[in-house]
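Colleague: Sequence and predicted structure, then a few things I'm wondering about:
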Amino acid sequence: MTFQITVQPSGHQFSCEEDETILAAAMRAGVGLPYGCKNGACSSCKGKVLSGEVTHKPHQERALPKEEEARGGSLFCCALAHSDVVIEAREVAGSDDYPIRKMPSRVATMEKMAPDVIVMTLQLPANETLKFRAGQYIEFLLKDGKRRSYSLASPPEQDQPLALHIRHLPGGLFTDQVFSTMKERDILRFEGPMGTFFVREDSDKPMVLLASGTGFAPIKAIVEHLRAQGSTRQMTLYWGGRRPQDLYLDALCREWAAALPNFHYVPVISAPQPEDSWAGRTGYVHQAVMADLPDLSGHQVYACGAPVMVESAKADFVERCRLPDDEFYADAFTTEADLNK
């Protein structure tokens, strides 16, 4: 059975099969609903059901608490329609500018940047290119049908292999392979580009770029994209890790700060050890933002990293720092462990 989905306030409409999520149907129809993980963990696709009946596939309780669902809240990546449905959602202009493609690639380089971080580059077949927006991600297609998502750390202007920052999660289906048996020239298939985490270039508001761990990858792509475009927008990067070694491209960030008058860099370490001799900022990275910028009413925030960091940042920035809810853009890096909580 097919149902009609209407998006408010735009009035856009698309059809949705009964076994298809509302987000999947919107993507198929070219309607730009926001999304991130596509599996009910990050809440990027959250909106409201104004009329009609939906049920939700399994998802994380923190992404959509039961009381919020009872008030009409919905995760469209998990929502199945059982009637015609009217939803309220903020659409993302430009999210469907570049078609999602399945492509083969060859591992070009693998460089260990920290004990648990490898920077991998992928070479596409001759005469093939991937068009994407800085901040988007790709999904590796694994042999057992599973997928693993990684943000592109290279900007779209770069005529070089695609770069990814991969953190080792012991026991991880894909990362165990990357850190043990994978080698240069191995073939990997992926699908992309995906996601609605990319810079809104129709604004000149100062940007807070907030990253934890390898959440730095899409932030790097955004900074290098804006630099290539000659943008003069003010950017302040807050990058957090437990130990200094977690800021595996700290030297690059300091180079940006020295070379770009509109770029500022604030590294933050949450658990420094005596042997680190760390003399910089400490604590939770999003709280460093709040200490420096107690009024975010005129800013945009781009946050990427662990779900707990992203969720805490959004709640505190909106409630305590006057950040407009619709000026917080995020990509939470969910893992298989996150999905099973």
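Modeller: Done, it's in.
Colleague: Strands along the stretch 201-341 of the chain, start to end?
Modeller: 207-212, 235-241, 263-269, 281-282, 300-305, 328-332 (DSSP state E, counting those that start in this stretch).
Colleague: between the third one and strand 235-241, what angle do the directions make?
Modeller: Okay, so that is strand 263-269. If you take axes from the mean of the first three to the mean of the last three C-alpha atoms, to 10 degrees, strand 263-269 sits at 20 degrees to strand 235-241.
Colleague: still on that earlier bit, as JSON lines, the strands of the stretch 201-341 of the chain with mean neighbour count would be great.
Modeller: The way it works is simple: take the backbone N, C-alpha and C, and place the C-beta from them, glycine included. Formatted as JSON lines, the strands of the stretch 201-341 of the chain follow (neighbours: other C-beta atoms under 10 Å):
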{"stretch": "strand 207-212", "mean neighbour count": "27"}
{"stretch": "strand 235-241", "mean neighbour count": "24"}
{"stretch": "strand 263-269", "mean neighbour count": "20"}
{"stretch": "strand 281-282", "mean neighbour count": "15"}
{"stretch": "strand 300-305", "mean neighbour count": "26"}
{"stretch": "strand 328-332", "mean neighbour count": "24"}
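Colleague: I'd like to know which of those lies nearest to residue 315.
Modeller: strand 328-332 (9.8 Å; C-beta to C-beta).
Colleague: Could you list the paired strands of that closest one along with their orientation?
Modeller: When pairs are called by DSSP bridges, strand 328-332 turns out to pair with strand 300-305 (parallel).
Colleague: In the stretch 51-200 of the chain, where is pLDDT below threshold?
Modeller: Applying pLDDT under 70 to the stretch 51-200 of the chain flags residues 94-96.
Colleague: Tell me where it has strands.
Modeller: Taking DSSP E, counting those that start in this stretch as the test, the strands found in the stretch 51-200 of the chain are 54-56, 73-75, 79-81, 85-88, 101-114, 117-123, 137-141, 147-151, 162-167, 187-194.
Colleague: quick one: contacts for the nearest residue to residue 12 once chain neighbours are set aside?
Modeller: Nearest residue to residue 12 in three dimensions, chain neighbours excluded: residue 31, at 5.2 Å (C-beta to C-beta, 6 or more residues apart in numbering). Residue 31 is in contact with 7, 12, 14, 91, 96, counting by C-beta atoms under 8 Å, 6 or more residues apart in numbering.
Colleague: Export the strands of the stretch 51-200 of the chain as JSON lines, with columns for mean neighbour count.
Modeller: Output for those, formatted as JSON lines (neighbours: other C-beta under 10 Å):
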{"stretch": "strand 54-56", "mean neighbour count": "17"}
{"stretch": "strand 73-75", "mean neighbour count": "24"}
{"stretch": "strand 79-81", "mean neighbour count": "23"}
{"stretch": "strand 85-88", "mean neighbour count": "18"}
{"stretch": "strand 101-114", "mean neighbour count": "15"}
{"stretch": "strand 117-123", "mean neighbour count": "20"}
{"stretch": "strand 137-141", "mean neighbour count": "21"}
{"stretch": "strand 147-151", "mean neighbour count": "21"}
{"stretch": "strand 162-167", "mean neighbour count": "22"}
{"stretch": "strand 187-194", "mean neighbour count": "18"}
